[in-house]
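**Q** I would like the atomic coordinates for the input below:
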Amino acid sequence: MSVGKTTLVKAMSELEQFKDYYVATERSKYLRDLGIPLNTDSTLAGQFVFLAERASELLRENVLTDRTIWDVCAFTLGAQSIDQFDKRSFVEAAMTLRNRYDLVVYVSPNGVEMEDNGVRTTDLEYRAKIDEVIKLSLAEFSPSKLITVEGTTEQRIATILQNI
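**A** Numbers count the residues shown, from 1 in each chain. Have a look, this model is predicted:
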């Protein structure tokens, strides 16, 4: 949360090599306005909506997106209203899609200030918890290709371009 994923995707979409890519960016406000609880209030049904969005992106060719199934799973695992059995079942089902990504970029929150976009929580402890769950999930359910980035948007893009 609030680590610059959307900013990174938008900046990459302006590069010549990604000009023909479909760009899917944050839709949290739209989903919240539909009545789908976010953050710690997430429900299993709401998380299935988020997972359906991610799955629909995987049906396309050449997609730049600021969310992946790892994000969805982290928020599912962090949800207070979802019981442990349902969390684990959800994650195992979602992770069957992991090899459909050509590349996954983990964006480190190191040095990134939390901003308030009016939708997501600004709780730094919750952000750290979600980040830890994402890192654990990336280790347990490794994507076929993973790049870790940090620093400015320009530094992040340079790291990605050096590794693709």
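**Q** Phi and psi next, for the residue nearest the centre of the chain.
**A** For the chain, the residue sitting closest to the mean C-alpha position, by CA atoms, centre = their mean, is R67 at 3.0 Å. Torsion angles at R67 (phi, psi; degrees, to the nearest 10) stand at phi -140, psi 150.
**Q** Can you show me the helices along this structure?
**A** 5-13, 28-33, 44-58, 69-78, 84-94, 124-140, 153-163 (DSSP state H).
**Q** nearest to S108, of the ones you listed?
**A** S108 sits nearest to helix 124-140 of all these, at 8.2 Å, using CB to CB. Every C-beta, even on glycine, is put in place using the N, C-alpha and C of the backbone.
**Q** Just the buried positions in that closest one, please.
**A** For helix 124-140, the neighbour count (16 or more other CB atoms under 10 Å) marks 126-127, 130-131, 133-134, 137-138 as buried.
**Q** Return the list of helices and strands in contact with it.
**A** Of the remaining helices and strands, those touching helix 124-140 by 3 or more CB pairs under 8 Å, 6 or more residues apart in numbering; DSSP states H and E are helix 69-78, strand 104-107.
**Q** Pick the most deeply packed of the ones you listed.
**A** Of all the helices and strands packed on helix 124-140, helix 69-78 carries the top mean neighbour count, a mean of 23, counting by mean count of other CB atoms under 10 Å.
**Q** Between helix 124-140 and it, find me the angle.
**A** Calculated by axes from the mean of the first three to the mean of the last three CA atoms, to 10 degrees, helix 69-78 forms an angle of 120 degrees with helix 124-140.
**Q** and the angle for helix 69-78 with helix 44-58?
**A** Using the same axes, to 10 degrees: helix 69-78 against helix 44-58 is 170 degrees.
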